[in-house]
Every structure is written in structure tokens, then in C-alpha cells.
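> Below is the structure, and that's it, no one-letter string:
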Ligand code: SAM
């Protein structure tokens, strides 16, 4: 039986042509076909790298049909590299569909990591990077957009959003309505000459961005975390704290243990306080 080819998901630069890995270049040189979101755009990159390869267009609106064509070629044993116009394929770019089909057909997928605007913006944002949620582009449909904004407002993770250049103002306005004065960093023109990070909060950021052009990633502070049990009980007297648990039907010994834990103090101390309680 003929051996299937492999699908390489190759990350390409998001602006600066030097942001391409040695492995990505080697892969683009070695594959049989390159599937590209915009073949003219990718041709510029390939010319820069002095690579000449057959190109197939693979973009959002022909993803379904073109996936089948690519699967046929992979089954014939051809190795294919998938690239998008910028960054990592499959991240707010075509890629998802063909990956799913390859898995169904037992075709090997090899990701070649590299630039991605979301990660590049997040790490320099100054906001929490431990936990974040990537929303891609917000929906344009009014109802869906409203629901998504409501979901975002409840999320405690740092929020990462992509936005098209001409929609920045209206998106900032919508975010402000829901998220009020949360911190925001706008990462503009990443890796390019005019790269800049505009930091502020949603209520004052508009003054800093009027008429700015380019590509943007928005990084927004998550919802403030619910206060810890230590903060919650700090405002109660010891008696109130005791009653809080007594109301739940707990016994004295158990209550004392919990109070000591909540307040991070020794059990004996609480025990002594409530000796005659
Ligand atoms: N696949 C890409 C990636 O890995 O980041 C994202 C493609 S998505 C169609 C394009 C969006 O990514 C832009 O609208 C912008 O929000 C963001 N983006 C891409 N390049 C950027 C850059 N150099 N600076 C800021 N944002 C960028």
C-alpha cells in the first residue's frame, strides 16, 4: 500500500520577515505542495526565501471543497504544508477543517510552531498571563455579540481579542459599555516598525487611539476574582464567623477548626476564645 503524505502546519511571520524558524523554512523547501490562504501573499514570502513550489489556494470559503482535494493529494503520498497569510494556521485562520479530516483519514499532522499574534501580544501586555481566554474576532451579529460580551464580562481570565483595523473604535466602545474601567493593552503592529503597546483602561483608552492605523490585538483584564475566604471572614467578628457555621448545623469542634483555617490562625487560639461560648 502506498504511504500517505503528511500535513505540515507551518507558522509564518506576522510582520517581520525574520520571524520564521529554520524548521519552517526547511519544511517549505521539502514539501511537494504548499496550500496557502492567499497564494499571492505567500508567493512574496516564498520569493524572499528563494523557494519555488506548486501552490494551492485554501481559504475560509473554499475550505470544505479544498480540504477534500488536499486529502486526495495526501493519500497519493504528497507532503503538504499549510500556511496562512500571517502567523499560525488554524488560529482565526483556515486550518481547523483539514486537521479534522486528516485525523479521520489517519493522515499524520505535524505542527511547525512560530509566530502567533495572540501570544506575542499577551506576553508583553503587562496583564496576567497565567490564565487567559482567546476569543478571536468578536461576532458581528448583534445578538451573538451581546451574548459574547456578557460571557466575557464574567470571565476571570485575561481576555485576548483580535480586531480588524477599521472596527477598533466600535469594539472599544462595546467593550467599555460592559467592562467599564478594566485595564486594557492594545498591541499594535506587532513585530513591525511601528510596533507599540498602548496601555490604559477602557474608559480612557479612546483618547489614546483616535485615528491610529494598523493591526491590533486587544488584551483586557479579567473579572476581579471572588474574594478569598480569608478576605470574606476578615470583616466579620469572631462571633459572627461562629454563627455563620452554626447556622449550617455544624458542631462546636468542627466550627472552631473551620474558623482557624479561614483565618489562618492556630486552632487553640480560637478554642480558647470560645471556651465558654
Ligand atoms: N493566524 C494569525 C495568528 O497566528 O496570529 C491570526 C490571523 S487573523 C486573520 C488576523 C488578526 O490577527 C488581525 O486582525 C489582528 O487582530 C491580529 N494580528 C495579526 N498580525 C498582527 C500584528 N502584526 N500586530 C497586531 N495584530 C496582529
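Arrived safely. Every value quoted in this text rests on a predicted model; they were computed, and no experiment measured them. Numbering: from 1, shown residues only.
> what are the ranges of the helices in the stretch 51-200 of the chain?
63-75, 96-104, 117-125, 142-154, 168-179 (DSSP state H, counting those that start in this stretch).
> Return the list of helices and strands in contact with the second one.
So the one you mean is helix 96-104. strand 7-10, helix 63-75, strand 109-112 (3 or more CB pairs under 8 Å, 6 or more residues apart in numbering; DSSP states H and E). The way it works is simple: take the backbone N, C-alpha and C, and place the C-beta from them, glycine included.
> One more pass at 10 Å, please.
strand 7-10, helix 63-75, strand 80-83, strand 109-112 (3 or more CB pairs under 10 Å, 6 or more residues apart in numbering; DSSP states H and E).
> and the residue in the chain positioned nearest to the ligand, what does it touch?
Residue nearest to the ligand within the chain: residue 87 (2.4 Å; CB to the nearest ligand atom). Shown in contact with residue 87 (CB atoms under 10 Å, 6 or more residues apart in numbering): 11-15, 19, 93, 114-120, 190.
> I'd like the next helix or strand past the worst-scoring helix or strand of the chain on mean pLDDT.
None of the helices or strands of the chain scores lower by mean pLDDT, DSSP states H and E than helix 229-234, at a mean of 73. For helix 229-234, the succeeding helix or strand toward the C-terminus, using DSSP states H and E, is helix 238-246.
> Now do the contacts for the nearest residue in space to residue 174 that is not next to it in sequence.
Leaving out its chain neighbours, the residue that sits closest to residue 174 by CB to CB, 6 or more residues apart in numbering is residue 149, at 6.2 Å. For residue 149, the contact set (CB under 10 Å, 6+ apart) comprises 135, 138-139, 171, 174-175, 177-179.
> for stretch 163-183, the distance to its chain's centre please.
With CA atoms, centre = their mean, to the nearest Å as the basis, stretch 163-183 stands 17 Å off its chain's centre.
> Just list the residues touching the residue most central in space within the chain, thanks.
Among the residues of the chain, the one closest to the centroid is residue 134, at 2.6 Å (CA atoms, centre = their mean). Contacts here follow CB under 10 Å, 6+ apart; on that basis residue 134 touches 91-92, 116, 118-119, 122, 157-162, 217.
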